[in-house]
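Enquirer: Just the structure for this:
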Amino acid sequence: MSDTTLAEKSKERVVTDPVKDAKARELLVTSRVRLLLHSPFFGNLATRLTLVNADDWCPTAATDGRRFYYNSEFILTLSLRQCEFLFGHEVLHAVYDHMGRRVDRDPKIWNIAADYCVNSDLLDQNIGERITVVPILYSPRYKAWTAEAVYDDLIENSDEEQLSQLLQQVLDEHMDGDGDGSEGKNGPKGNRPTLSEEERRQIRDELKEAVLNAAQGEKAGNIPAGVRRMINDMTKPVINWRDLIEQQIQSVIRNDFSFTRISRKGWHNDAIMPGMLPGQQIDVCIAIDMSGSIGNQDAAAFLSEVQGIMEQYDEYNIRIWSFDTEVYNEEEFTSDNIRDITEYEPQGGGGTDFDVNWTYMKENGIEPKKFIMFTDGYPWDSWGDPNYCDTVFVIKGNTQAEPPFGIWAIYETEAQRKAV
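Expert: Numbering: from 1, shown residues only. Here you go, the predicted structure:
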């Protein structure tokens, strides 16, 4: 079936053939069951969509997040596995909220960008079989890109003729739901349903819950990376890295004080303050990754924040070192020597090997109550030893980093924090 034929049919008043429709629905139901068995994440999300015949306005397929609209004649040109691909295509448009994310972008170019993204994910995950009866959009260049990034690339690097050709390869009708009477890729919207803003909000909320339920028990490799990031955003509360460090330092403190260990704080005021009992002082190790995007200025800002936190406590012992593929310049800052942590000078600048930190601690008998690493989040191999000590990662620049153990937060500069 050619694109021209699809476009022409979308402009005609089409009467549904009940026999064709029954065969198309049987094919869709069967392919959806297969998808549920072979790709449960996609199958679970596909089975929640109500099948709706849309021969009178839709040349291929479409979704609004609740319903799966289909053209029965188009469906009958597909194999079972190609129907699985089509379900996956519609599911990802809904999951990624491509309708809501368009904002004020050109709708036709945005639809091209969205198709590039979902088709790349489906082929990467081996969902069904690539549809060939009509051309579809795919480029290895856009693997793991967001629709926003693809859109910007298309605007910058494509002329009007190229975009017009790409538009003809958009697989489905993208339902913006605005009811403004504008045209789809193959002509006027005709009888295409529209959604109110309230309906779109409800559907987005329903989809969030559905995605989380579908992802339960699934291995990470069975879920597209973009969906994994979205799930992380939904399930992991955003925390300011400064607050995280302070919370983690506080968690190692027990309020046991004694005059047998005198705090040097207050001596200049002729005051004698009780100190923490031996072994109860704050014991923290800090490693600064000097191999990547972290410069001396960033390190100084980070250490300044740590200094401010430590000044709240009477007794502390902090070891600081920097690293790349080796550990450099370990120094100790305590409440007794009253040295300013910001005086520390990081060293390094080579490759990246997180493991050297654990090797160094083990070889030198260092067992901190908390180990805090300031890093760009790009280890050469392992993130380290998850069983040696409690670890906190403060990650600069790499918002997609997901350490396999410990807890972490994204480092923001003061300017970035104020801009939010």
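Enquirer: And the helices in the stretch 251-400 of the chain?
Expert: Using DSSP state H, counting those that start in this stretch, the helices found in the stretch 251-400 of the chain span residues 296-310, 355-363.
Enquirer: give me the low-pLDDT residue ranges for the stretch 1-150 of the chain?
Expert: 1-14 (pLDDT under 70).
Enquirer: Run through the strands of it in chain order.
Expert: Assigned by DSSP state E, counting those that start in this stretch, the strands in the stretch 1-150 of the chain fall at 50-53, 61-63, 67-70.
Enquirer: Export those strands as CSV, with columns for mean neighbour count and distance to residue 378.
Expert: For the C-beta atoms, the positions are set from N, CA and C on the backbone; glycine is no exception. Rendered in CSV, the data for the strands of the stretch 1-150 of the chain read as follows (neighbours: other CB atoms under 10 Å; distance: least, CB to CB, whole Å):
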stretch, mean neighbour count, distance to residue 378
strand 50-53, 14, 45
strand 61-63, 24, 37
strand 67-70, 23, 41
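Enquirer: looking at the ones you listed, which is closest to residue 397?
Expert: Nearest to residue 397 among these is strand 61-63 (35.9 Å), distances taken as CB to CB.
Enquirer: Can you flag the weakest of the helices of the stretch 251-400 of the chain by average pLDDT?
Expert: Among the helices of the stretch 251-400 of the chain, helix 296-310 carries the lowest mean pLDDT, a mean of 81.
Enquirer: For that helix, which residues meet the burial criterion?
Expert: Across helix 296-310, burial judged by 16 or more other CB atoms under 10 Å covers 298-299, 302-303, 305-307, 309-310.
Enquirer: Adding distance to residue 58, write the residues you listed out as a markdown table.
Expert: Listed next are those as a markdown table, based on distance: CB to CB, whole Å:
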| residue | distance to residue 58 |
| --- | --- |
| 298 | 52 |
| 299 | 57 |
| 302 | 54 |
| 303 | 60 |
| 305 | 55 |
| 306 | 59 |
| 307 | 63 |
| 309 | 59 |
| 310 | 63 |
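Enquirer: circling back to that earlier point, who wins for proximity to residue 55 among the helices of the stretch 251-400 of the chain?
Expert: Among these, helix 296-310 comes nearest to residue 55, with 59.3 Å by CB to CB.
Enquirer: And the contacts of that closest one?
Expert: The contact list for helix 296-310 (CB atoms under 8 Å, 6 or more residues apart in numbering) reads 242, 245-246, 249, 282, 286, 288, 290, 316, 318, 320, 322, 333, 340-342, 344-346, 372, 374, 394, 396, 411, 413-414.
Enquirer: Buried among those? Need that as a selection in PyMOL.
Expert: The following PyMOL line selects those of these that are buried, judged by 16+ other CB under 10 Å:
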select buried, resi 242+245+246+249+282+286+288+290+316+318+320+322+333+341+342+344+346+372+374+394+396+411
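Enquirer: Show me the contacts of helix 296-310 that map onto strands.
Expert: Counted as lying in strands by DSSP state E, out of the contacts of helix 296-310, are 282, 286, 288, 316, 318, 320, 322, 333, 372, 374, 394, 396, 411.
Enquirer: from those, which single one is nearest residue 150?
Expert: Set against residue 150, the nearest of the ones in strands among the contacts of helix 296-310 by CB to CB is residue 396 (26.0 Å).
Enquirer: What residues are bridge-paired with that closest one?
Expert: Per DSSP bridges, the residues bridged to residue 396 are residue 411.
Enquirer: Check the gap between residue 295 and residue 232 for me.
Expert: As judged by CB to CB, to the nearest Å, residue 295 and residue 232 stand 28 Å apart.
Enquirer: typed the wrong thing, it's residue 355
Expert: Applying CB to CB, the value for residue 355 to residue 232 is 25 Å.
Enquirer: Quick one: the helices in the stretch 51-200 of the chain, in order.
Expert: With helices called from DSSP H, counting those that start in this stretch, the stretch 51-200 of the chain shows them at 72-75, 80-95, 98-101, 107-124, 147-157, 160-167, 197-215.
Enquirer: As CSV, those helices with distance to residue 382 and mean neighbour count would be great.
Expert: Converted to CSV, the helices of the stretch 51-200 of the chain look like this (distance: least, CB to CB, whole Å; neighbours: other CB atoms under 10 Å):
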stretch, distance to residue 382, mean neighbour count
helix 72-75, 48, 22
helix 80-95, 32, 24
helix 98-101, 36, 18
helix 107-124, 25, 23
helix 147-157, 30, 16
helix 160-167, 42, 13
helix 197-215, 26, 15
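Enquirer: Give me the mean pLDDT for stretch 336-349.
Expert: For stretch 336-349, the mean per-residue pLDDT is 81.
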